[in-house]
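Asks: Show me the folded form of this:
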Amino acid sequence: MTESPIGVFDSGIGGLSILQSLLAALPAEHFVYWADNGHAPYGEKTDLFVRQRSLAIADHLIKRHHIKALVVACNTATAAAIHELRTQHPHLILIGVEPALKPALKISQTGHIGVIGTRGTLGSEKFHRLLTSLEDQAQFTVQPCNGLALAIEQSTHLTMGAPATERITELLQTYTREMGDFGQAPGQMDTLVLGCTHYVFAESALRELLGPQVHLVSTGQPVARQTRRLLEAAALLRSGPGPHALANRISLLSNGDLASLQAAAQRWLGLPHAVCQRADAHV
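Replies: Model (predicted):
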């Protein structure tokens, strides 16, 4: 099992932001990345639908690719399905993601933290429990961002790239304006939690809107550290330097537009010759 790959999945390209951190923290490991583009975005689907997709993808990655660990690189899928995934696969190392409220508490100086995410994530019971457990430690302003993940997903598509990028900026302007004032003055939000893995790829647009004084907090590095800790504890960490070529460490699968996933991998993972494969149509 030490030589087996680590599975990673998301509704689309957002999980590549988690994969970035995993590749850096686990240089000898191999990864199988499943982009469920054919059913994206998860954030505006029902919990039942997201749970069914998560279970089906996990079953396939276990049976077909013999993964030793699974990273659910999607906040919405984690909220909807992580409990059932743990129940059905008690011996599999499972790592989910959640909005990084706890790390944000350590950073914020004003005590006012903004949180953006999909409606599915921010409306989930799992997020509500997390928020409730911390609400006496800071003021949180929570903003669902309908359409933002989809616009980021579409920004890598050849025919929708420029219009989607404009749409990203419009949505960010609208949602951050609705949230209130950002800055370092008393009462202002000095920290913004990116509660969707897709949103990492909109950081540059957020920086232009909010300025350099606002901290942007995402989940990639904490997830990567936790994955490494769990693999070490289970004696499943792969040793050695790993393949020299990054492309030899990653298998990219998609049931949607292969060209979009390939373009995203080239742009954000630095894979100039990324090769994407068609995911099993029966999953």
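
Asks: what helices or strands is the worst-scoring helix or strand of the chain on mean pLDDT leaning on?
Replies: When each helix and strand of the chain is scored by mean pLDDT, DSSP states H and E, helix 258-268 comes last, with a mean of 88. Contact here means 3 or more C-beta pairs under 8 Å, 6 or more residues apart in numbering; DSSP states H and E; on that basis helix 258-268 packs against helix 16-25, strand 250-254, strand 276-278. C-beta coordinates here come from the backbone N, C-alpha and C atoms, glycine included.

Asks: Out of the ones you listed, which is closest to Leu206?
Replies: Of all these, helix 16-25 sits nearest to Leu206, with 13.5 Å by C-beta to C-beta.

Asks: gap between the closest residue to Gln109 other than its chain neighbours and Thr174?
Replies: Leaving aside its sequence neighbours, Gln109 sits nearest to Asp190 (C-beta to C-beta, 6 or more residues apart in numbering; 5.7 Å). Here the criterion is C-beta to C-beta, to the nearest Å. By it, Asp190 lies 21 Å from Thr174.

Asks: What residues does Met202 make contact with?
Replies: In this structure residue 202 is Ala, not Met. Neighbouring residues of Ala202 by C-beta atoms under 8 Å, 6 or more residues apart in numbering: Leu148, Ile152, Ile168, Leu172.

Asks: Next, the last one: phi, psi?
Replies: Backbone torsions for Leu172, taken as degrees, to the nearest 10, come to phi -60, psi -40.

Asks: Run through the strands of the stretch 101-250 of the chain in chain order.
Replies: Counting by DSSP state E, counting those that start in this stretch, one finds strands in the stretch 101-250 of the chain at the ranges 112-117, 139-144, 191-194, 215-217, 250-254.

Asks: Figure out which of these is closest to Ala28.
Replies: strand 250-254 (13.2 Å).

Asks: Next, work out how far apart the spatially most central residue of the chain and Arg177 are.
Replies: Centroid-nearest residue in the chain: Thr197, 2.8 Å away (criterion: C-alpha atoms, centre = their mean). With the distance defined as C-beta to C-beta, Thr197 ends up 24 Å from Arg177.
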